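1. Prediction below, plus the sequence it came from.
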Amino acid sequence: MMVGSSEHFIAFTGAGISTSAGIPDYRSGMDTVLPTGPGCWEKAANKGKKGSKATMRTSIAKAIPTKSHMGFVGLMEAGFLKFIISQNVDGLH
């Protein structure tokens, strides 16, 4: 197992891990299949135009960690994952 034998196993995450928690990302296009709908930059660029509707949005304050987030916690607690680097500001890690 590569993870178990590695000396410095780290994870680098971004918006994709938190979209399943209902937190929209910034870059998804108007034609996204994500239940969070288009990203905020895309919505701003297309303000007033018809497009995808968000069906699942959660405020950061109400979001709860997903199985992916908790998987990283489990890897850290087991001593495998040494560091996690995230571009997110949601604090779910």
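-> Cool, the structure landed.
2. burial of the closest residue to residue 36 other than its chain neighbours, as a residue count?
-> Using C-beta to C-beta, 6 or more residues apart in numbering and skipping residues adjacent in sequence, the residue nearest residue 36 is residue 24, 4.0 Å away. Yep, even glycine has a C-beta here, placed from its N, CA and C like the rest. Burial of residue 24 is recorded as 22 neighbouring residues (other C-beta atoms under 10 Å).
3. now swap in residue 77 and tell me
-> As a measure of burial, residue 77 has 9 neighbours, counting by other C-beta under 10 Å.
4. Can you tell me how far it is from residue 70?
-> 10 Å (C-beta to C-beta, to the nearest Å).
5. how about the strands of this structure, start to end?
-> 9-13, 81-86 (DSSP state E).
6. Just put the ones you listed in TSV and tack on mean pLDDT and mean neighbour count.
-> As requested, those are exported to TSV (pLDDT from 0 to 100; neighbours: other C-beta atoms under 10 Å):
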stretch	mean pLDDT	mean neighbour count
strand 9-13	93	14
strand 81-86	92	14
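7. Could you list which residues are in contact with residue 9?
-> 3, 75, 80-82 (C-beta atoms under 8 Å, 6 or more residues apart in numbering).
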